[in-house]
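In: kindly return the folded structure for what I paste below:
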Amino acid sequence: MKIGFASDHRGFNLKGQLIAELTKRNFDVTDFGTNSDKSTDYPDYAFLLGEAVRDGKVDFGVAICGSGIGISIACNKVNGVRCAKVSTKEEAVVTRNDNNSNIVAFGEQIPLDKAFEIVINFISTPFSDEEKHHRRVDKITEYEGKR
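Out: Numbers count the residues shown, from 1 in each chain. Have a look, this model is predicted:
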């Protein structure tokens, strides 16, 4: 499983800590930037991550900015991306199970242990086999194709 990461300057430190923790546990990670805590624009990195998810270069994505909101909005501009801004491991499970989300986003204020728990729960949860969830995601995908 390949996991892609993206952040702006505010998410840079947490992103680095998460990558280090996952690498220690033998996860295959790709860092799409930013590469410093110097002020930068989150859309630049959100688009790189979103395109990598869309193109199958990574299986899942993790996006971090100050609040998690801006980077999630930017990720969702890439066709084929379903990014959810979450605050808890329970929300991470629900968005994977119900929405087949492929990128999880959160703010840099989340402690490392909680962020790690969110990522692990997100990537470990399969998409539901319930017809209603497939139908709903299919409607999103169909609408997306009309843009």
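In: mean confidence score for stretch 102-118?
Out: Rounded to a whole number, the mean pLDDT of stretch 102-118 is 98.
In: do the same with stretch 133-147
Out: For stretch 133-147, mean pLDDT rounds to 91.
In: got the buried residues for it?
Out: Residues Val137 are the ones in stretch 133-147 that count as buried (16 or more other Cβ atoms under 10 Å). Every C-beta, even on glycine, is put in place using the N, C-alpha and C of the backbone.
In: over to stretch 21-41?
Out: Using 16+ other Cβ under 10 Å as the burial criterion, the residues of stretch 21-41 that qualify are Glu21, Leu22, Phe27, Val29, Thr30, Phe32, Gly33, Thr34, Thr40.
In: so what does the helix or strand hosting Thr95 touch, helix or strand wise?
Out: Thr95 is part of helix 89-99 when elements are defined by DSSP states H and E. Using 3 or more Cβ pairs under 8 Å, 6 or more residues apart in numbering; DSSP states H and E as the contact definition, the elements that helix 89-99 packs against are strand 83-85, helix 112-124, helix 131-145.
In: and of the ones you listed, who's closest to Leu48?
Out: Nearest of these to Leu48, taken as Cβ to Cβ: strand 83-85 at 13.3 Å.
In: that closest one pairs with which strands?
Out: With DSSP bridges as the test, strand 83-85 is paired with strand 103-107 (parallel).
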